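In: take a look and give me a structure for this.
(one chain, ligands or ions: 1)
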Amino acid sequence: MNDLLLDIRGLKKYFTVSGGFLSSRRSVVNAVDDIHLKIYRGETLGLVGESGCGKSTLGRLIMRLEEPTGGEIFFHGENILDYSGELLKNFRRKVQIIFQDPYASLNPRRTAGSIIGEPLIIHKLSGRDDQKEKISQLMEVVGLSGEQVGRYPHEFSGGQRQRICIARAIAIKPELIVADEPVSALDVSIQAQILNLLKDLQKDFGLTYLFISHDLSVVRYMSDRIAVMYLGEIVELTRNRELYECPLHPYTRVLLSAVPIPDPARKRKRKIVTGDMPTPLDPPRGCAFHPRCPEKIDVCDKIEPVLKNRAGNSGHFVACHLR
Ligand code: SF4
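Out: Residues are numbered from 1 along each chain as shown. Predicted coordinates for the structure are as follows:
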């Protein structure tokens, strides 16, 4: 795994929020705070964490849907934050996003065919003569029928709507897809179908995924490597199997202890974490996890741990004073 596709260096996104109608106070939210992350061609990198940890913001920064406060994002060795005009348009052809709520991300007044065909027109990848055929092929690739081309989003089920979004995303043959909670809004029975579709498409089209989810079971099923995010920072990053067999960060251990084991004869001892995730408006000093950490030591509320590659454990990164 050495064909680097995306290289994120020191990425930051800070939002300024006002204190309300009558207040002149302003606060800063560190939604993404100094993130370094590499994504290699052909892999699925899972990004997992609780709601509000900044994982979706990171996905939107990669897509250039948000502008970062600092840092760099290299794609094929070029800093995409320098792009504008044609270069940015060309980048957007290579990187696509699939959102959580397929209904909200589809225009209800447009047919499935016109939604799927739109990127082909924008990027001039088909003429009028072959457009119909391309749309029909794409619909079949994602498990829809070409006969459904004239239907509107409300005439499809939730799973079918997500298939339309996927067809739209792959229409222009992207290299990287940011899948932001792509199955969270779907029934459990449908989730596996969509996940399997994404896996098949990855093989067939040579795709690379950044797969964002709060659900560790889903991330485990999909990912080659997994990054665990907490309050805007990555606290652990390693290969899939290693994370589940040898989690090092106390937060990862807490998350994993809450995942049910599909075997009634086995029970996992659940680790209890106290309190909610602190507000990013007022993050704790030192290690951001210290107010909830069951293994906290004296230094934890004073010095912030850095994400380090563990000695003798190549590729397993963790940010904790104990590891
Ligand atoms: Fe817990 Fe301290 Fe490690 Fe943070 S640095 S995870 S508080 S032990």
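
In: every contact and neighbour count from this point should use C-alpha atoms.
Out: OK.

In: up against the ligand, what does the stretch 151-300 of the chain have?
Out: By Cα under 6 Å from any ligand atom, the part of the stretch 151-300 of the chain that sits against the ligand consists of 249, 250, 287, 289, 290, 293, 295, 296, 297, 300.

In: now those residues as JSON lines including pLDDT and neighbour count?
Out: Converted to JSON lines, these look like this (pLDDT from 0 to 100; neighbours: other Cα atoms under 10 Å):
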{"residue": "249", "pLDDT": "96", "neighbour count": "22"}
{"residue": "250", "pLDDT": "95", "neighbour count": "24"}
{"residue": "287", "pLDDT": "96", "neighbour count": "22"}
{"residue": "289", "pLDDT": "94", "neighbour count": "23"}
{"residue": "290", "pLDDT": "94", "neighbour count": "21"}
{"residue": "293", "pLDDT": "93", "neighbour count": "19"}
{"residue": "295", "pLDDT": "92", "neighbour count": "11"}
{"residue": "296", "pLDDT": "93", "neighbour count": "17"}
{"residue": "297", "pLDDT": "95", "neighbour count": "11"}
{"residue": "300", "pLDDT": "96", "neighbour count": "21"}
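
In: in helices only, show me the residues you listed.
Out: Judged by DSSP state H, those include residue 250 as members of helices.

In: kindly indicate which of the residues of the stretch 151-300 of the chain next to the ligand lies nearest residue 45.
Out: Nearest to residue 45 out of these is residue 249 (Cα to Cα; 18.2 Å).

In: one step back: the residues of the stretch 151-300 of the chain next to the ligand into JSON lines, with extra columns for distance to residue 157?
Out: Listed next are those as JSON lines, based on distance: Cα to Cα, whole Å:
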{"residue": "249", "distance to residue 157": "40"}
{"residue": "250", "distance to residue 157": "40"}
{"residue": "287", "distance to residue 157": "44"}
{"residue": "289", "distance to residue 157": "40"}
{"residue": "290", "distance to residue 157": "43"}
{"residue": "293", "distance to residue 157": "42"}
{"residue": "295", "distance to residue 157": "46"}
{"residue": "296", "distance to residue 157": "47"}
{"residue": "297", "distance to residue 157": "51"}
{"residue": "300", "distance to residue 157": "48"}
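
In: tell me the contacts of the residue nearest to residue 140 when sequence neighbours are not counted?
Out: Nearest residue to residue 140, sequence neighbours excluded (Cα to Cα, 6 or more residues apart in numbering): residue 146, at 6.3 Å. Residues in contact with residue 146, defined by Cα atoms under 8 Å, 6 or more residues apart in numbering, are 135, 136, 137, 139, 140.

In: the fourth one against residue 145, yeah?
Out: This means residue 139. Yes - counting by Cα atoms under 8 Å, residue 139 touches residue 145, with 6.0 Å between them.
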